[in-house]
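Asks: Below: sequence and its predicted model.
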There are 2 protein chains.
Amino acid sequence: MDENEFDNQRENKAVARVIISFLKYEEYALKEIYNLRVKKWASISDRQKDMVPNYTKYLANLKAAIIENGKFFRSVAEYALQSISFEPGEIVQPNDLDMSKTCSLLTQVYREWSAEAISERNCLNSRLVPFLKTLSPPKADILIPGCGTGRLLVDLSRMGYNCEGNEFSYHMLLVSQYMLNAGLLQNQIIIYPFIHCFSHWKKIEDQLSPIKVPDIEAWSSNKGMGSMSICAGSFVDCYGRNQGTKISSHYTFSRRMQLSRAKAENSKDVVVTNFFIDTGSNILDYLDTIGHVLKPGGIWCNFGPLLYHFENDHGVETTYEVNPYSGFQDKINDYTPLMGLELSSDDIISIATNHLDFELIRRESGILCGYGRYAGPESCAMPGYMCHYWILKSNPTNES
Amino acid sequence: MDENEFDNQRENKAVARVIISFLKYEEYALKEIYNLRVKKWASISDRQKDMVPNYTKYLANLKAAIIENGKFFRSVAEYALQSISFEPGEIVQPNDLDMSKTCSLLTQVYREWSAEAISERNCLNSRLVPFLKTLSPPKADILIPGCGTGRLLVDLSRMGYNCEGNEFSYHMLLVSQYMLNAGLLQNQIIIYPFIHCFSHWKKIEDQLSPIKVPDIEAWSSNKGMGSMSICAGSFVDCYGRNQGTKISSHYTFSRRMQLSRAKAENSKDVVVTNFFIDTGSNILDYLDTIGHVLKPGGIWCNFGPLLYHFENDHGVETTYEVNPYSGFQDKINDYTPLMGLELSSDDIISIATNHLDFELIRRESGILCGYGRYAGPESCAMPGYMCHYWILKSNPTNES
């Protein structure tokens, strides 16, 4: 089995596991959020039951909402199965983490593809779009690492930009495929994105709000529309430097990835990171990769909080350097902690301007933005994140 | 061994475990948050190290802050050991949950006892205090379930009210004992409450902010000051109804507790729940207990979010009813889920007014309030919770 075949088989297994998690959503949600509440209800005294006369009706509505969400996930799975097939040996059962990632896709789809969540998307768009329009000459090629289910790709390509997304999560990738390519009509699908959150409600009916998606027909192209594609894999692996980056679980040394990285150098006019830079275990690798992929004079636009995903992760990985000519391993660090290197926004700006030859163009801090927050009247949902926004210009003195 | 002796021995073991967790804080924090970051730093390439020239100094400051926090916890432990002693057999080593509760006490102490966090405390105080002053005849006896480390007790007793706190957590109880009784001078202690959070910083120095506590000398009494005491145990166990409440891990049937509950009936003028009503596995028990403890015409003031602590808890307990005369167990529910019954604020108000004979006096929703949030300039910390505030009057028609 050669390197590519091995990669494909590993990828197939991972995709199969996510598809199965979609098919199992309904069973899982009934078991984990519905059945337990039915049982709790049954356990309280008749006197207390009388105090909450609508609770059994509420539970029935909760069950109906789970079943509707299950239909959505089955459609996504069936669409994926049109282009992928598995050997029985490739099937690995999803674990609790897979299932909880599947549940959280509901708020992701709400955030990216509903009319209701437009104010969340506009936190970035209202800043980025006017800025892009001021650029002269216009910047054509945009890279969006961590593109999720692809909405920002669509919005920017409709403005004429050529957009390349990059995404590591198969959960996100399979949903993006469906949302972008399955020919969905406007408001064709109803989901109940808030049913997995039982806290912070003023009215319990709001938890059961149906949301129609998509608000736009992503597949319908228009004149002057830019190109659109998504590359699967980790940002550093697909676009990073071939030298000086440590091999890790997110950075490999196959010939295929080396080629991808060589091709990526100086290839983009703009990199947009949207709720992305806090997702890695080594943010310096992200900064290096952004510098590597941008053309001289290219633009890095960042929006999002600094909620470091690995801050409390007690996991470890092995990292090492590889001599690109001999292939020998060097400076091996067994048990490299995943936590650590949680830089502040001042640190990041300072590294970009002092060490990576960026120039600061704009900066804003403390922008409150929800992420899949229920936005109805009198919402008491958690307000969201205090986001950072900046525009940096790469290597401006070498600009052609 | 009689019932009381058994209770005392179990309590001693629990207290010992918390005291040991205080004594081990420094060792734990060095291992869990400092050493891992030193190791991560050592693992990155020299080129990346050069990008963050201040990181080694930052790590040294982090270590110094841990050591200072360790001194605070040792003082609390030493103060507790003046009044408690253990047999070696009573010592149970703290687990990771104990240790993480100990770490979170730092933000609790910051919230309750620093000048910097006054705006958090004022979210409730600025509403409650003027309201209490309007009451005629004045209400004297106030109960504060979930009183934490005791600050609200002090603030209200200084206004002349007789305040009784109630707290279930030995972590909180031991710290409240220290803050209230150890004779601390204003600003005597320096803690570093934010060092366990590595996300959301604009300036990394802010994470290492020293905070002086206490901002007031709690032990110094003044003329006209009300009484102050704290009762240890669960709210339902200490103050609930003797009939119709299901036995659970938070509601027992010892003679001592039956007596405590009988004494509690119609005993209080005011119950103040501050970030409390979402902490139980059955909120209806809390509502019943508040109704039970208030005199006719008594006031329930609530402030806080509805962040149900057991929403995602997959634990179970056994619940059953007991015939108070025969002592027989009835309606046994093995494996009662801890999750469930997460009522909305509309539900709670409706139950109180329709089933528990309360009258709604005031209500406000969506009040943004932090909980131990870093409040310095340009803070990008999570904004906090959307809080609910209401005043309900108990059984007004029977008011004497």
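Replies: Thanks, I have it.
Asks: Now do the phi/psi pair for the nearest residue to A:Gly146 once chain neighbours are set aside.
Replies: Distances taken as CB to CB, 6 or more residues apart in numbering or on different chains place A:Phe276 nearest to A:Gly146, at 3.6 Å, with adjacent residues excluded. No exception for glycine: its C-beta is placed from N, CA and C like everyone else's. Main-chain torsions, A:Phe276, degrees, to the nearest 10: phi -130, psi -40.
Asks: Can you report how many residues lie near A:Phe276?
Replies: Look at A:Phe276: counted by other CB atoms under 10 Å in any protein chain shown, it has 20 neighbours.
Asks: any low-confidence regions in the stretch 151-300 of chain A?
Replies: Within the stretch 151-300 of chain A, not a single segment meets pLDDT under 70.
Asks: Please list the residues of it that sit near chain B.
Replies: Residues of the stretch 151-300 of chain A lying close to chain B by CB under 8 Å from any CB of the partner chain are A:197-204, A:206-207, A:244-246, A:278, A:282, A:284, A:287-288.
Asks: Return the subset of those lying in helices.
Replies: A:204, A:206-207, A:284, A:287-288 (DSSP state H).
Asks: Pick out the residue closest to the middle of chain A.
Replies: With distances taken as CA atoms, centre = their mean, the residue of chain A nearest its centroid is A:Gly148 (3.3 Å).
Asks: so who does it touch?
Replies: A:Gly148 is in contact with A:108, A:112, A:167, A:172, A:176, counting by CB atoms under 8 Å, 6 or more residues apart in numbering or on different chains.
Asks: Looking at the residues you listed, which is nearest A:Met382?
Replies: Of all the contacts of A:Gly148, the one with the least separation from A:Met382 (CB to CB) is A:Gln108, at 16.1 Å.
Asks: follow-up on the earlier one: Serialize the ones in helices among the residues of the stretch 151-300 of chain A next to chain B to CSV and add fields for distance to A:Ala42 and neighbour count.
Replies: Shown next, in CSV, are those (distance: CB to CB, whole Å; neighbours: other CB atoms under 10 Å in any protein chain shown):
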residue, distance to A:Ala42, neighbour count
A:Ile204, 19, 20
A:Asp206, 25, 19
A:Gln207, 21, 23
A:Leu284, 54, 22
A:Leu287, 54, 22
A:Asp288, 57, 24
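Asks: Farthest pair within these?
Replies: Using CB to CB, the pair of those lying farthest apart is A:Ile204 and A:Asp288, separated by 48.3 Å.
Asks: and the gap between A:Thr245 and A:Glu321?
Replies: Using CB to CB, to the nearest Å, A:Thr245 is found at 8 Å from A:Glu321.
Asks: Just give the number of residues close to A:Asn4.
Replies: Neighbour count for A:Asn4, taken as other CB under 10 Å: 11.
Asks: Nearest spatial neighbour of it, chain-adjacent residues omitted?
Replies: That would be A:Arg256: by CB to CB, 6+ apart, it lies 6.4 Å from A:Asn4.
Asks: surely the one you found meets A:Asn8?
Replies: No. Using CB atoms under 8 Å, A:Arg256 makes no contact with A:Asn8, being 10.5 Å away.
Asks: For the stretch 1-150 of chain A, which segments count as helices?
Replies: For the stretch 1-150 of chain A, the helices defined by DSSP state H, counting those that start in this stretch cover A:3-23, A:25-29, A:36-43, A:46-51, A:55-81, A:96-113, A:118-134.
Asks: Mind listing what's buried along the last one?
Replies: The neighbour-count check on helix A:118-134 (16 or more other CB atoms under 10 Å in any protein chain shown) flags A:120-121, A:123-125, A:127-128, A:132 as buried.
Asks: so which of the contacts of A:Gly148 comes closest to A:Asp141?
Replies: Ranked by distance to A:Asp141 (CB to CB), the contacts of A:Gly148 are led by A:Glu167 at 17.7 Å.
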